[in-house]
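J.: Quick one, what's the 3D model for this:
(one chain, ligands or ions: 3)
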Amino acid sequence: MSRLAILDYDRCQPRRCSMECMKYCPGVRMEEETIVMDENLGKPIISEELCSGCGICTKRCPFGAIRIIGLPEELTDDRIVHSYGQNRFRLYGLITPRDGVTGLLGPNGVGKSTIIKALSGEMVLNLNDLTETPDMKKVLDYFSGTELQNYFEKLKNNGIKPIHKPQYVDVLPKVVKGKVGELLKKVDEKGEFEKIINALEISNILDRTFDQLSGGELQRVAIAAACLREGDIYYFDEPTSWLDVKQRFSAAKVIREVAEGKKVVAVEHDLIVLDYLSDYIHIMYGIPSAYGVVTHPRGTRVGINTYLDGFLKEENIRFRKSPIVFEKRPPQDSTNRPLLLDYTDISKKLGDFSLNVNGGQIYQGEVVGILGPNGIGKTTFVKALAGVISPDSGEVTGDVKVSYKPQYISSDFEGTVEDLLMSITAIHTSYYKSEIIKPLALENILDSSVKDLSGGELQRVSIAACLSQDADLYLIDEPSAFLDVEQRLTTSRVIRRMADEKEAAMFVVDHDILFQDYISDRFIVFSGIAGSSGTGSEPLQKRAGANKFLKEMGITFRRDPDTGRPRVNKEGSQRDVYQKEIGEYYYL
Ligand code: ADP
Ligand code: ADP
Ligand code: SF4
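T.: Residues are numbered from 1 along each chain as shown. Ligands and ions are numbered 1, 2, ... in the order given. The predicted model follows:
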């Protein structure tokens with residue numbers, strides 16, 4: 001087995017330690033150059049050839065900046081297409097774009113954006129040669145005789161026009177000035193302005209400037225801008241972040257249309273959307289921020305099933321301990337359990353917006369999924385139940401203690417993640433470690449300052465903080481936002497297990513339907529007109545709730561025979577038409 005030595009450049013601070021890595025490394029003590037200080041870089045360099053893999057430096061480094069990772073033998077250096085530097089992230093392999101939509105499926109930090117940047121010509125691959133500036137000629141040699149040689153050749157000679165919808169749309173207001181409508185008209189090379197703005201429902205925001213747009217609006221405008229341009233290959237990096245379910249499917253439909261006769265590459269963490277969107281899938285695995293490996297293309301169904309299974313047969317790699325399996329039948333009736341909470345019909349007016357929710361009962365140990373588009377009062381309802389706001393009419397009875405994770409999470413805490421969690425509960429128990437810290441991958445950020453966390457880290461810490469409270473009712477608003485596909489799967493397991501173990505109930509608002517289908521016992525369905533009025537149903541049995549919701553969305557589901565996961569039927573297919581006819585939108 002070969003090995004990687006990875007140094008976290010942000011954590012490593014040689015000026016603030018006594019170079020424990022060099023002091024204690026047995027290689028250095030034998031006067032070998034296993035670790036040397038690079039004066040230019042101001043960081044130590046660990047030689048992967050000389051390192052014995054003893055792991056002493058990883059334990060001695062006071063900042064936890066070093067990782068020594070054993071690599072599967074087949075990951076030889078000649079497969080590295082890019083390295084971000086000495087002891088830094090390396091990417092093994094590349095995808096070959098094909099006609100139709102190619103989906104990239106894998107956790108964050110394994111090189112998906114790096115692939116997109118390389119294929120869209122925003123950077124040149126260095127092929128792990130750190131001694132010279134990256135050179136396209138070498139890239140052409142490296143891929144000689146493959147389709148990628150042809151691709152890069154054309155890219156170099158401007159024979160391919162790539163279009164890229166970037167991942168972080170929230171930075172757009174800083175770089176794009178002017179009104180939305182003016183910008184979109186300017187980029188409309190296909191003459192499809194009307195069609196696209198209607199499909200993405202952005203006609204009412206054309207007069208606004210970018211700094212006036214919400215996350216979901218920015219996302220749809222960015223997708224529209226990409227789709228309106230005439231290109232040969234389109235890259236969509238996380239197109240559904242910030243979008244509700246309906247908007248996710250409209251975006252996916254628009255992207256599929258763009259792919260007709262063209263190539264599209266999409267990175268997507270919502271598995272139902274990815275499934276709907278893609279013709280092929282490349283699973284990516286590795287260790288985030290250390291290395292990433294591109295696997296061969298698989299058909300979408302098999303690709304997603306393989307991912308859920310957690311085992312890559314051809315590569316003989318298990319990347320998750322156990323498979324994710326969906327129940328093929330709705331779970332046992334959760335209303336047989338002891339009653340926790342009773343609420344009457346609730347109404348609330350907020351400015352021009354009015355909300356009415358039917359009353360209901362909530363039982364111990366159940367997870368109630370809350371479904372519905374944005375802007376129709378889901379959060380308001382959750383807040384009314386939590387006692388954060390008082391309803392105009394209606395009452396909540398039952399002496400319940402509520403723990404609430406809001407949709408917009410705040411990093412406003414002075415101290416580390418450990419300080420925050422310790423202020424709520426004892427976190428050094430083996431139960432807490434195995435149920436919360438490990439599955440939510442918090443070990444490596446316990447000593448990070450809450451203020452410095454990334455979006456995904458803050459989300460996981462907020463979920464942990466919410467679940468750590470001693471409460472009877474947990475209200476978790478949009479837990480899957482900012483999480484990658486793997487984190488969504490593990491988080492859904494954590495929430496589900498907590499509900500089963502505690503005599504509490506969980507309310508989960510989320511737009512990822514696979515996530516909702518996996519964790520929920522029942523559903524409350526919201527509908528209405530965004531910003532104007534909203535109605536919420538009573539808690540419905542899973543099938544009835546899902547049926548109501550899918551009917552409003554105009555989509556039908558089937559179950560994958562192997563994993564039991566829900567899949568969207570193709571619009572107008574025999575199955576879609578039949579299920580709509582008999583009113584069974586969820587599945588037969
Ligand atoms: P993904 O899109 O799968 O999240 P990326 O391609 O963005 O992954 O990045 C993979 C890893 O490469 C990151 O975790 C980061 O550690 C490293 N990386 C990305 N960009 C740079 C850079 N400019 N310099 C150094 N390291 C980088
Ligand atoms: P959802 O969670 O379904 O996205 P919300 O409950 O957050 O919806 O909001 C529903 C509607 O109420 C939105 O149109 C929002 O603009 C409006 N709203 C929320 N809070 C207030 C407030 N304090 N004053 C006026 N309008 C509000
Ligand atoms: Fe030296 Fe051991 Fe660290 Fe390798 S793992 S660099 S041999 S201390």
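
J.: where in the stretch 301-450 of the chain is pLDDT low?
T.: Counting by pLDDT under 70, the stretch 301-450 of the chain has low-confidence residues at 328-331.

J.: Strands of that one, start to end?
T.: Using DSSP state E, counting those that start in this stretch, the strands of the stretch 301-450 of the chain run over residues 311-312, 317-318, 339-343, 346-350, 353-357, 360-363, 367-371, 396-397, 402-405.

J.: Go ahead and flag the most central residue of this protein.
T.: Central residue of the chain (Cα atoms, centre = their mean): residue 484, 2.7 Å from the mean position.

J.: Next, work out how far apart that residue and residue 527 are.
T.: Residue 484 sits 30 Å away from residue 527, going by Cβ to Cβ, to the nearest Å. (C-beta placed from N, C-alpha, C; glycine too.)

J.: if you compare the strands of the stretch 301-450 of the chain, which one is most tucked away?
T.: strand 367-371 (a mean of 26; mean count of other Cβ atoms under 10 Å).

J.: ok, is that one in contact with ligand 2 or not?
T.: No - under the criterion of Cβ under 6 Å from any ligand atom, strand 367-371 makes no contact with ligand 2; the nearest approach is 8.7 Å.

J.: Does anything pack onto that strand? Which helices or strands?
T.: Packing contacts for strand 367-371, counted by 3 or more Cβ pairs under 8 Å, 6 or more residues apart in numbering; DSSP states H and E, involve helix 378-386, helix 485-501, strand 505-509, helix 513-519, strand 522-529, helix 542-553.

J.: if we can go back for a sec, got a list of what the residue nearest to the centre of the chain touches?
T.: 106-108, 269, 456 (Cβ atoms under 8 Å, 6 or more residues apart in numbering).

J.: Please tell me how far it sits from residue 407.
T.: Applying Cβ to Cβ, the value for residue 484 to residue 407 is 19 Å.

J.: ok, now residue 398?
T.: From residue 398 across to residue 407, the span is 24 Å (Cβ to Cβ).

J.: list the buried ones in stretch 449-461?
T.: 450, 453, 456-461 (16 or more other Cβ atoms under 10 Å).

J.: no, scratch that, I was asking about stretch 74-87
T.: 75, 80-83, 86-87.

J.: Also stretch 86-98?
T.: 86-97.

J.: now do stretch 115-130
T.: Of the residues in stretch 115-130, 115-121, 124-127 count as buried by neighbour count, 16+ other Cβ under 10 Å.

J.: cool, stretch 412-419 as well?
T.: 413, 416-418.

J.: Against ligand 1, how distant is the closest residue to residue 166 other than its chain neighbours?
T.: Excluding its sequence neighbours, the residue lying closest to residue 166 (Cβ to Cβ, 6 or more residues apart in numbering) is residue 237, at 5.7 Å. Separation of residue 237 from ligand 1 (Cβ to the nearest ligand atom, to the nearest Å) stands at 7 Å.

J.: Report pLDDT for residue 237.
T.: Turning to residue 237, the model gives it a pLDDT of 93.

J.: Could you do residue 258 as well?
T.: 94.

J.: repeat for the one 3 residues further on
T.: Reported pLDDT at residue 261 in the predicted model: 91.

J.: Can you pull the phi and psi angles for the closest residue in space to it that isn't next to it in sequence?
T.: In space, and not counting its chain neighbours, residue 261 is closest to residue 99: 7.3 Å by Cβ to Cβ, 6+ apart. The phi/psi pair for residue 99 (degrees, to the nearest 10) reads phi -60, psi 150.

J.: For residue 99, which residues are in contact?
T.: 259, 261-263.

J.: And it, how far from residue 245?
T.: According to Cβ to Cβ, residue 99 stands 28 Å off from residue 245.

J.: residues in the stretch 251-400 of the chain within reach of ligand 3, list them.
T.: So the stretch 251-400 of the chain never meets ligand 3 (Cβ under 6 Å from any ligand atom).

J.: Helices of the stretch 251-400 of the chain, residue ranges please.
T.: Under the criterion DSSP state H, counting those that start in this stretch, the stretch 251-400 of the chain contains helices at 271-277, 300-309, 378-386.

J.: The second one vs helix 485-501, what angle?
T.: The one in question is helix 300-309. Between helix 300-309 and helix 485-501, the angle comes out at 60 degrees (axes from the mean of the first three to the mean of the last three Cα atoms, to 10 degrees).

J.: list the buried ones in helix 300-309?
T.: When burial is assessed from 16+ other Cβ under 10 Å, helix 300-309 yields the following buried residues: 300-301, 303-309.

J.: Run the chain-centre distance for that helix.
T.: Helix 300-309 has its C-alpha centroid displaced from the chain centroid by 17 Å (Cα atoms, centre = their mean, to the nearest Å).

J.: same deal with the first one?
T.: Centroid separation for helix 271-277 versus its chain: 13 Å, with Cα atoms, centre = their mean.

J.: Also stretch 173-192?
T.: On Cα atoms, centre = their mean, the centre of stretch 173-192 falls 27 Å from that of its chain.

J.: Now it: buried residues?
T.: 176, 180-181, 183-184, 187-188, 192.
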